[in-house]
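Enquirer: kindly generate the corresponding structure for this input.
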Amino acid sequence: MARKKPRTEPPPRWSEPLLAPPSQSEIPGTGDASRGAARPVDRADAEPMRVAPPKPTTSTTPRRFHLAVVRELHTGAGSAESAGASVNYTREPAWIQFEPDGTAVVAVAGGCPVARWDVRESTNDVAALNFSTPRDDRRGDAEMKDVRTESFPETPSLLVSIREEYTREGHEARSTQGTVDKKSRALVLGFHGVKDARDALIALSVKEKNQNRDASRRKLAEAFDGLRRRVSDVSTDDDSDVFTKKIDRTSAETYFSYYASLAEQQNMLQDRVRTGTYFTAILEHRAAFFGKIVMDVGAGSGVLSCFAALAGARRVYAVEASDMADHCATLVANDARLRDVVKVIKGRVESDAVRRAVLEDLKGIHGGAEGSSIVDARAIDVLVSEPMGTMLFNERMIESFLIARDTFLKPTGGQMFPRAARLHCAPFEDFTLRAEILDKATFWCSDESKDFYGIDVSVLGPEATKTYFAQPVVDAFDPTMLLADPATFEFDFLGENEQTKTNRETNTKRRLNAEHLERLFLRADYVARRDGVAHGLAWWFDVEFDVRNPIGSCTRNGQNRRFLTTAPGAPTTHWFQIRTPFRDAMKIEKNARVETKTEMLASANQSYAVTAVLARRDSDGRNKNVATKEKEQAVSGTWNLKDPYYRQLHYPQPGYTEAQTKRWYGDEAAEVRGADARFFADAERRS
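Expert: A predicted model of the protein is given here:
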């Protein structure tokens, strides 16, 4: 077979040189340059440049690699506005050229020098960025144009740290010993191909390559260890807070260990509906964040804290009780835009130790007489959090969010993201799910179970069936399974603190307090929109992001109001939906009136015990007497949210895209749409 012809890179696109504006000073010691020259042009008025003595080399011709991106990172020098920013020097054509004498030159606009240094003596460190995308080598010229307009990590890049020699303006910096002043610079060089980037990496790593690599890794590890030590760890000083009084210690340890896992954080971060909605909501409301003090309650990996900082927050407190706080600190320290804004506090937001840490930092931020006068931690302008669990309240994180509101948020003018939530419920029909649950108990109920190695285990059949139906089902389902329009229960996190109703059985919107979530009563009426069989209740939620505008004595929704929803039929999230199946089914005719009464009782294991009753109603709205009417006038069930059946792990979900279905369930997977009539008949017979 003929050898494949080697692929060649297309010539770079040329453009007119765009030099730095007069307000931007030139790099000291580089002088001026003319278009098209690979080396700076000597001028009489150019500042003197030290010429390094020739060094032995194996090459006699310069090596040049064309660049797609040339940026310089600022590590904090200069004004507060410019600290941490990067300067984009990219002007085509741009390149890095290695001279035979061991000098490296980065030039843009056909020859304007950006940096010049001795590779062996002045290269501090070289790090490879984004080398895992070989597809970049196959990009066409048009696509590369788009890449060059994006941030530098999109192309195979090198982060090069150098010490550049220069003379100070107005006097010679050279001392009597013949030394020259040096300043550290960090350059990000983006290449057109991975091969060029790797060859340049080899050329820049000529000085004791292995020794420098190991030393650099040790230095980086020591730096991050130091950053972790600087995390405000107050997690051991909160044994008497509200959280420890209501939550079982073993449950808390398991909970925080779970969320300390990067794998679990990845699961949430890759939920594009969740992460993308938070990002959009925060950036759309940047006016509420700009120059403000923000707290991220249960920060986890810290991405919401980062979003708040990018929106212009003055200070962000990332409060995280698990060991994920250390990873959060590492993420923040790696970005110059964040490290001076985001402060990581390891501890529970309910603890007095966290309150003292925030109060101390607030005094330092304001400083002077204003700082010394701060005695109340309720100085936070914005609270952000992602506290939702399955069925909205599972894991009891919303209680922590509300406690943070009462402890830290400004009494007037404070904002919460999200500011409100809605829980939705409707009866559903799903013969496949019901048959599946019954089939799980077949082991205990079949004829073979009466002689299991000589033992009759069928006596446990009824209890086994009850156990399987007590598991809430977490998955996505087709909204056509719903038998009625959903009822909605609204909860306002930020409403006016007006006196709440003494009647707990209400679905009206009100300001929610943490103590309300110890026990919830939810009642709703439905009108069936078709004939069917009610197999249980389906639940989902959404949360609202908004900054409302005061209009007289009331408020009006803002123009950027946004919802994050987990509704069936909407793009699937990592919450999916949750269904509570009844052990007994109930037939419903079209236009029949039914009602549900649901009680959610909080438990010490950070979950809820849920009890619900579905009952038929007369046309006048009264309950029918179950004792004197037919058997199917009411069905009920009890479920433990701590013990769900994660059905989405086993069956393709109707909310999944084709790519998601193929990824998780294989090429031949198909959505669950039902089963044949014999399967239904067998299921009903077993029930």
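
Enquirer: shaky segments in the stretch 351-500 of the chain?
Expert: For the stretch 351-500 of the chain, the stretches with pLDDT under 70 are 367-374, 496-500.

Enquirer: quick one, strands of it?
Expert: Along the stretch 351-500 of the chain, counting by DSSP state E, counting those that start in this stretch, strands occupy 382-385, 415-417, 420-428, 473-475, 487-492.

Enquirer: in the last one, what's buried?
Expert: What that stands for is strand 487-492. 487, 489, 491, 492 (16 or more other CB atoms under 10 Å). In this view, the C-beta of every residue, glycine as well, is placed from N, C-alpha and C.

Enquirer: out of those residues, the closest to residue 365 would be?
Expert: residue 492 (30.3 Å; CB to CB).

Enquirer: returning to that earlier point: could the buried residues of strand 487-492 be laid out in TSV, adding distance to residue 391?
Expert: Below are these laid out as TSV (distance: CB to CB, whole Å):
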residue	distance to residue 391
487	14
489	11
491	13
492	18
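
Enquirer: tell me the contacts of residue 433?
Expert: 473, 535, 579, 581, 647 (CB atoms under 8 Å, 6 or more residues apart in numbering).

Enquirer: hmm, 10 Å instead?
Expert: 473, 475, 477, 481, 535, 536, 579, 581, 645, 647, 651, 672 (CB atoms under 10 Å, 6 or more residues apart in numbering).

Enquirer: likewise residue 328?
Expert: 231, 265, 296, 299-303, 305-306, 318, 320, 322, 342, 344-346.

Enquirer: can you check residue 307 too?
Expert: 275, 278-283, 286, 289, 294, 296, 313, 316, 384, 417.

Enquirer: which one (most neighbours) among these?
Expert: Using other CB atoms under 10 Å as the neighbour criterion, residue 296 leads these with 32 neighbours.

Enquirer: partners of it in the sheet?
Expert: residue 318, residue 384 (DSSP bridges).

Enquirer: please tell me how far it sits from residue 376.
Expert: 20 Å (CB to CB, to the nearest Å).

Enquirer: next one: residue 484
Expert: Counting by CB to CB, the gap from residue 484 to residue 376 is 49 Å.

Enquirer: which one of those two has more residues nearby?
Expert: Ranked by neighbour count (other CB under 10 Å), residue 484 and residue 376 place residue 484 first, with 22 against 13.

Enquirer: residues near residue 403, how many?
Expert: Neighbours of residue 403 (other CB under 10 Å): 19.

Enquirer: quickly note the distance from it to residue 258.
Expert: 21 Å.

Enquirer: pretty sure residue 327 contacts residue 320?
Expert: Yes: the pair residue 327 / residue 320 is scored as a contact, 9.3 Å apart, by CB atoms under 10 Å.

Enquirer: neighbour count winner among these two?
Expert: residue 320 (30 against 20).

Enquirer: out of everything not next to it in sequence, what's closest to the more buried one?
Expert: Nearest in space to residue 320, with sequence neighbours left out and distances taken as CB to CB, 6 or more residues apart in numbering, is residue 299 at 4.3 Å.

Enquirer: again, but for residue 375
Expert: With CB to CB, 6+ apart, the residue lying closest to residue 375 is residue 359, at 7.8 Å.

Enquirer: need the contact list for the one you found.
Expert: 374, 375, 376, 377, 378, 379, 408.

Enquirer: by neighbours, which of these wins?
Expert: Going by other CB under 10 Å, residue 408 tops the contacts of residue 359 with 26 neighbours.

Enquirer: and the contacts of residue 433, which of them are in helices?
Expert: Counting by DSSP state H, the contacts of residue 433 place none of their members in helices.

Enquirer: would JSON lines of the residues you listed with distance to residue 465 and neighbour count be doable?
Expert: As requested, the contacts of residue 433 are arranged in JSON lines below (distance: CB to CB, whole Å; neighbours: other CB atoms under 10 Å):
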{"residue": "473", "distance to residue 465": "15", "neighbour count": "24"}
{"residue": "475", "distance to residue 465": "20", "neighbour count": "24"}
{"residue": "477", "distance to residue 465": "22", "neighbour count": "25"}
{"residue": "481", "distance to residue 465": "22", "neighbour count": "20"}
{"residue": "535", "distance to residue 465": "14", "neighbour count": "26"}
{"residue": "536", "distance to residue 465": "15", "neighbour count": "27"}
{"residue": "579", "distance to residue 465": "17", "neighbour count": "26"}
{"residue": "581", "distance to residue 465": "11", "neighbour count": "24"}
{"residue": "645", "distance to residue 465": "14", "neighbour count": "22"}
{"residue": "647", "distance to residue 465": "17", "neighbour count": "20"}
{"residue": "651", "distance to residue 465": "21", "neighbour count": "18"}
{"residue": "672", "distance to residue 465": "22", "neighbour count": "19"}
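
Enquirer: would you turn those into TSV with distance to residue 434?
Expert: Below are the contacts of residue 433 laid out as TSV (distance: CB to CB, whole Å):
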residue	distance to residue 434
473	10
475	14
477	13
481	11
535	5
536	8
579	11
581	7
645	13
647	12
651	14
672	13
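
Enquirer: nearest to residue 351, out of the residues you listed: which one, please.
Expert: The closest of those, once distances to residue 351 are taken by CB to CB, is residue 645, at 34.9 Å.
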